[in-house]
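Asks: Give me the fold of what follows.
(2 chains)
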Amino acid sequence: MSKPTTTSFRDRRTLLKGIGVALALPWLESLAGSEPGDNLPIQHRRMIHVTHKFGMYAPSFHPATAGVGWEMTDGLRTLERHRLRMTVFKNLGLSVTGGHAAAPCILSDMKRSEAASHPDGGITVDARAAELYATTTRFPMLNLWGNPDNDQHTSFARSGAKIPYVTTPMELFNLLFTEQTAEGKAARARELAGNRSVLDAVNESAKRMMVTVSPRDQHRLDDYFTSVRDAERKLQTYKDWLTIPKPEAVPEVAARIESVKKSSQTMIYDAFMDLIPLILQTDSSRIVSIDVFTNPNWDLPGITDNYHSLTHHGQLPEKVAQLRAIDDFHLSRLARLIDRIVALGMLDSTQILYSSGMSDGNSHSNQNLPIILAGGGFTHGTMIDIQGKQPLSNLYLSMLQKLGVETASFNKSMGPLRGLA
Amino acid sequence: MSGQHLAFDRLHLRLGAAALILLAIVVASSDTCGSDSVTHDATAPVGADSWSLFAQSYCIQCHGPEKQKGRVRLDHLVAGIVDDQSYGLWRHVVKVLATGEMPPEEAKRHPMTPEVAAVRSLIQGGIAAAEHAGRLTRPETPLKRLNRIQYRNTLRDLLGIETTMADPTRGFPDDRGGSGFDTGADDLKISDSLMENYLRAASQVIDEATFSGARPERIYRQYIDISNRYRLEGGIDGDPIGHEIYNHYDIERGWWVTPQECGHVRIIGGTPFTESGYYHLIFKAQSLYRDHPDITAKLREYSPNRSHQLAIRLLSPERTFPEIEHTVAIHDLPDNQIVDIDHEVWVPKNWRLQLSFDNGPACPLWVLHQELIGWKEIPTPPGATEAERVAIRKQNQAAEPKTPQSKEFMRTAISPRIRLHKMAIDGPYYRSWPPACHDALYGAGDITVALRAFSRRAFRREVPESALQPFLDLAAKDGYATAVKAMLCSPYFLYLYENDGRLSGDALACRLSYALTSSMPDSDLSILARTGKLSDPAVYDSQIERLLNSPASDDFSDSFVSQWLHLRNVDKMPPDEKKYPEFYHISHGYTGTRDAIVKEPVVYFRHLLAHNLPVSLLLDSTFTFMNDALADFYGVAGVDGSHFQHVALEPGLKRGGLFGMAAVLAASANGVDTSPVVRGIYVLDNLLGAPPEPPPPGIKLPQTDLRGTTTIRTILDRHRTDESCASCHRSIDPIGFALENFDAEGRWRTRYPNAPVDASGTLPNGRSFTDIVGFKKALAKETDHVAENLVRRLLTYCTGRTMGALDEGEIEELCAQLKAKGYGLHDLLTGVLKTRIFTMK
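Replies: Predicted coordinates for the structure are as follows:
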């Protein structure tokens, strides 16, 4: 597959100047469930990951029979209207164990301790995809929400660095739309230029330090040189983007985001999910990951217990009932997201993966995970029961290849996922 | 032969370590291993197969291809071949033959004493030869950078700036990695995003240390007097008696603060801290109505047994949720007295002040008033839309009886409160102008002189002129400040330089200082290092003592203990709020009790260290340290005040030692329930240094079923009956069962919802117990293991590397010396700091 062409910065600026119209809300209630828009010709392929760490109540989730005739389960009913647009997976699991400790590995299928010795550094699938767009979009990728606990981080770059979370909807809004003042930009430009000189100087000084350390340690200083070089590249990219205006949004968008109550789990969830289509529509980024922060308390009707406590349901019916309600809520938000991507005409160009690194909180198993793939131009409408050894990395390899990444492997993959076209 | 079995298998820890070393240095050692694999050691006695004969007769049956009891396998050992991989196993063989542990009593055949002696000396000869011939690779600490805390503290000390509030490392990733400590060299690498963070942080700290304008005016602002143009938020406007705080301000719940409610006091109309500088914070506060019978009983989350606590905090200018804050002090106010309070604090520009009644009641007075008049507002249902919320609020506002009594009630109700009689802010002022940090940064003399002087301190050693040249060139082009910024981003600053072999003065000073204070060496230590005096053992010893006795080392216990015992787990999987409300009970922002819980092991450890008390007190003890919040939590009477104090434990309390501390018990649970397996592994790994192997793949994890009376013991029964499970679980489960009387929060329980708790068990060393008291007695035998494990953890923490084969000898020696002296914790730590392991790269 040929690489997508990247627009030069000058062209992009002219393009955006021409638009001039502030973007409206694509998520107006009236659009939900409406006819899909004409599919735009596929210029740019995109990938969205919706992950969380607490699994789904397993007995209700997985269909019994594989293939296109899979019978609907209670757990999946919320997604019924998207049946033909999605594929459900069964018996796909992590290659690492550890319950909660392994759940954050969902996007790499690798423990951090293994990552350092792997040639790709334990890069997660979203970051790998983002490498394709390192200079094409303002943000190579956006990593949303997330669990502030540092041991629960889900997205990692090739260097092993964590891709920082955009932790609030307001922060995301500002990244997408809030333009700096002219003075702000000038100051930032000066800062960037200053940093270039600083990096030149430290690079020189590192060369001089190199000769004084033992051969073993010289190897470790290599990290430093790579970091400086990569940072310089990034600085150049920031500098280029400074000159390109951000898109505008109508005031309703800002008002909508400002009204989000910081203590409301559901309001934050909705705000993020509503902004995701805008990210794609403005081409601010083509790779988006949202790690749903599993705060103890869901403000949903009928939920009286802490989420973690509910996942340890012990088969108690009242706990299972509440857990099912939360699971349905998750999938209802996924369904809405798919609605909006469809309404934008972007379904075939946008892969949407819903996954969780743990299957069922009661057993803390990392096998037979709840995984749903929608859009992206794959053939859907089926349930794939993974038999034999097919690591999760195989699915990620298929997704990356579909995106246009030229690679024959991803982390622990053994080949593209059989059964997925 | 004695019949004692190895109680816990420490061996695989060493084997694991040896394997790691092997992996890490495969390139370096391939020459040594490869070329020697076919030659036999010249000093090995004739008949080198006397080992194989011995092994065949007495060892291989249980430790060979068919069976590997205790996970030990000996058939791969070849006499005369001692290398990194086999070294640990050889040492182990010598040891168990020496102590008579092996062959065990029930073995069918036993060697004669001369046979054993011959084999031992054969093996020891092989080991000695390998060490002598340099065939064993010396592990070294790889080059590593400063971790986040060390980086921040170094900037603080280098530039003389405040870094707790204006934290330059905000947004930096945490450094916890594979070793369990944030000092592990293997995890301390640099990436481009960290490089960007360093650039930003360097700019920030240089800004903060720069005072190039005019000296700001010192102003005295008094707040309580309403006619004054400075005003307070909270309290009651127009009230001649001053401002009062009625309850605690709960950020998590986000109390709406109105004068009627008064959860805290803040300044409105702009913060007084318009410039960074020193400020006097002056208050007169009075605690009133601590225990009035009429209302106290109705107040939620209020303990009349505790003195009222006035918390003085500074809040960051960024209005985040939750707020970024710094607690200046918490005052336990005596009843009814008007207390004078005066704090001198360096406040960063634009930070804000807040006063809270930290352990005040949870409910605001207006809610109490509603209850008293019998009117209830309509609650907002969860999941309501914004429109619905607004509608309900309007409904409530319309329906609430508006009586003059409401405000009157606030004034006259006898409810607990803190009354402020005076509040004033005096500042900014400075000890000198420009402040010392400015002078330290910009130095005196011309740019070259200043940069050279700065570099000597920043790089923590002398560097050749050529190393400084890039910075001098940059200064000529872009100015002094930019050159300093570059220095703070250069590897000379960011990395800890250590020369090969015995550490030089500067390198040793750094290692010692960063281990004990998490910061750069102070000037005394630097001078001794630079003048070569640190190589004198007496000087080195005295510096260790000086650092341990200084306040700078307070953080050592905190850093080491909270990482060693994984106390952060308490936040990762916090106890369920509904099931364990006490954990969140009482005090500011949910954290009063939690903070106290997590502090207990740290304070206790610090005490053992300061008084050189024996390590056995970690396993059991007749005392601990508590403050009022923790005492409430444990149900202990007579502890007042927010400071930690020595508490003698009643035997009936079943606490004492680490096993009785809620922090340890919660960190080894998951916030919802307990698992004997998880707790057993936690204890084996962290306290005994014998982590078990992971379970074989493909094990189907059991599903908990809470509907019946099945207890955890029944669910885990297969661990006992199935031999392949039992080999590991006979070590793991008994520990976990002994701790089952403590729930996921660390509270004592005698029952599950549907069955009684059974805490009995038998340790592999043969000792049985029926409860935690008996368990701790049974465990007392393992003190040697506990001490050795602590030595290893400290070595790993202080050096940043894992221990390897060649370290074993010194570790054994040190443990033997410490045992002879009674395992005092101070002796243990200083012993570690004097090892060759610590004083060499």
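Asks: tell me the secondary structure for the nearest residue to residue A:112 once chain neighbours are set aside?
Replies: Counting by CB to CB, 6 or more residues apart in numbering or on different chains, residue A:112 lies nearest to residue A:122, which is 6.4 Å off, once chain neighbours are set aside. The way it works is simple: take the backbone N, C-alpha and C, and place the C-beta from them, glycine included. Secondary structure state of residue A:122, per DSSP: H, G, I helix; E, B strand; the rest coil, is coil.
Asks: quick one: stretch B:101-118 to chain centroid distance?
Replies: Its chain's average C-alpha position is 46 Å from that of stretch B:101-118, according to CA atoms, centre = their mean, to the nearest Å.
Asks: how about the residue nearest to residue A:112, what does it touch?
Replies: By CB atoms under 8 Å, 6 or more residues apart in numbering or on different chains, the contact set of residue A:122 is A:108, A:110, A:112, A:114, A:115, A:116, A:156, A:160, A:411.
Asks: Show me which of the residues you listed is closest to chain B.
Replies: When the contacts of residue A:122 are compared for distance to chain B (CB to the nearest CB), residue A:160 wins out at 6.3 Å.
Asks: hang on, isn't that closest one packed against residue B:190?
Replies: No - Residue A:160 is beyond contact range of residue B:190, at 9.9 Å (criterion: CB atoms under 8 Å).
Asks: Settle it for me: which of the two has more neighbours?
Replies: Between residue A:160 and residue B:190, residue B:190 has the larger neighbour count (other CB atoms under 10 Å in any protein chain shown), namely 24 against 20.
Asks: Could you find the closest non-adjacent residue to that one?
Replies: In space, residue B:190 is closest to residue A:227, 4.5 Å off (CB to CB, 6+ apart).
Asks: quick one: the strands in chain A?
Replies: For chain A, the strands defined by DSSP state E cover A:46-52, A:86-90, A:142-145, A:287-291, A:350-356, A:371-375, A:383-385.
Asks: which stretches of the stretch 551-700 of chain B aren't confidently modelled?
Replies: Counting by pLDDT under 70, the stretch 551-700 of chain B contains low-confidence ranges at B:577-591, B:697-698, B:700.
Asks: got it, and chain A?
Replies: For chain A, the stretches with pLDDT under 70 are A:1-42, A:148-150, A:295-296.
Asks: Tell me how many other residues crowd the closest residue to chain B within chain A.
Replies: Residue nearest to chain B within chain A: residue A:314 (2.9 Å; CB to the nearest CB). For residue A:314, the count of nearby residues is 17 (other CB under 10 Å).
Asks: Any figure for the gap between it and residue B:569?
Replies: 22 Å (CB to CB, to the nearest Å).
Asks: in the chain, which residue is closest to the centre?
Replies: Went with chain A since none was named. Centroid-nearest residue in chain A: residue A:289, 1.4 Å away (criterion: CA atoms, centre = their mean).
Asks: Chain B is the one I meant
Replies: Among the residues of chain B, the one closest to the centroid is residue B:562, at 2.1 Å (CA atoms, centre = their mean).
Asks: which ones are touching that one?
Replies: So residue B:562 contacts B:568, B:598, B:601, B:602 (CB under 8 Å, 6+ apart).
Asks: thought residue B:505 was touching residue B:521?
Replies: No - counting by CB under 8 Å, residue B:521 is not a contact partner of residue B:505; they are 9.9 Å apart.
Asks: Mind checking which of the two has more residues around it?
Replies: Neighbour totals were compared for residue B:505 and residue B:521, and residue B:521 leads with 27 against 20 (other CB under 10 Å).
Asks: low-scoring pLDDT stretches of the stretch 351-500 of chain B, where are they?
Replies: Checking the stretch 351-500 of chain B against pLDDT under 70 turns up B:364-368, B:371-373, B:382-384, B:401-412.
Asks: Could you list the residues of it in contact with chain A?
Replies: Counting by CB under 8 Å from any CB of the partner chain, the stretch 351-500 of chain B comes close to chain A at B:381-383, B:386, B:464, B:466-467, B:469-471, B:473-474, B:477-478, B:482-483, B:485-486, B:489-492, B:494-495, B:497, B:500.
Asks: Of all the strands of chain A, which one is nearest residue B:450?
Replies: When the strands of chain A are compared by CB to CB, strand A:142-145 sits nearest residue B:450, at 42.2 Å.
Asks: can you map out the helices along the stretch 51-200 of chain B?
Replies: Applying DSSP state H, counting those that start in this stretch to the stretch 51-200 of chain B gives helices spanning B:87-99, B:113-132, B:148-159, B:192-209.
Asks: So which elements touch the shortest one?
Replies: Right, helix B:148-159. With contacts taken as 3 or more CB pairs under 8 Å, 6 or more residues apart in numbering or on different chains; DSSP states H and E, helix B:148-159 sits against helix B:192-209, helix B:436-442.
Asks: surely the residue nearest to the centre of chain A meets residue A:144?
Replies: Yes - using CB under 8 Å, residue A:289 makes contact with residue A:144 at a distance of 6.7 Å.
Asks: Now tell me what touches stretch B:303-310 from outside.
Replies: B:245, B:283, B:285, B:287, B:290-291, B:296, B:330-335, B:341, B:355-360, B:416-418, B:586-587, B:628, B:632, B:640-642.
Asks: tell me which residues in it are buried?
Replies: By 16 or more other CB atoms under 10 Å in any protein chain shown, the buried positions in stretch B:303-310 come out as B:303, B:306, B:307, B:308, B:309, B:310.
Asks: With secondary structure as extra columns, can I get those in TSV?
Replies: Converted to TSV, the buried residues of stretch B:303-310 look like this (three-state DSSP):
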residue	secondary structure
B:303	coil
B:306	coil
B:307	coil
B:308	strand
B:309	strand
B:310	strand
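Asks: So which of these is the closest to residue B:810?
Replies: residue B:309 (48.9 Å).
Asks: that older thread, comparing the strands of chain A, which comes out most buried?
Replies: Of all the strands of chain A, strand A:287-291 carries the top mean neighbour count, a mean of 27, counting by mean count of other CB atoms under 10 Å in any protein chain shown.
Asks: In the sheet, which strands lie alongside it, parallel or antiparallel?
Replies: Neighbouring strands of strand A:287-291 in its sheet, by DSSP bridges, are strand A:46-52 (parallel), strand A:142-145 (parallel).
Asks: Switch those over to a markdown table; also include distance to residue B:774.
Replies: Putting the strands paired with strand A:287-291 into a markdown table (distance: least, CB to CB, whole Å) gives the following:
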| stretch | distance to residue B:774 |
| --- | --- |
| strand A:46-52 | 43 |
| strand A:142-145 | 48 |
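Asks: which stretch among the ones you listed comes nearest residue A:132?
Replies: Closest to residue A:132 of the strands paired with strand A:287-291 is strand A:46-52 (CB to CB; 9.6 Å).
Asks: Convert the closest one to CSV, retaining C-alpha atoms only.
Replies: What follows is strand A:46-52, C-alpha atoms only, in CSV (Å, rounded to 0.1, in the frame of the first residue of the first chain):
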residue,chain,number,x,y,z
ARG,A,46,-7.4,7.0,11.0
MET,A,47,-7.4,4.9,14.1
ILE,A,48,-9.3,5.3,17.4
HIS,A,49,-8.7,3.2,20.5
VAL,A,50,-11.2,3.2,23.3
THR,A,51,-9.7,1.3,26.3
HIS,A,52,-10.5,0.8,29.9
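Asks: If I take that strand and strand A:350-356, what angle do their directions form?
Replies: Going by axes from the mean of the first three to the mean of the last three CA atoms, to 10 degrees, strand A:46-52 is angled at 10 degrees with respect to strand A:350-356.
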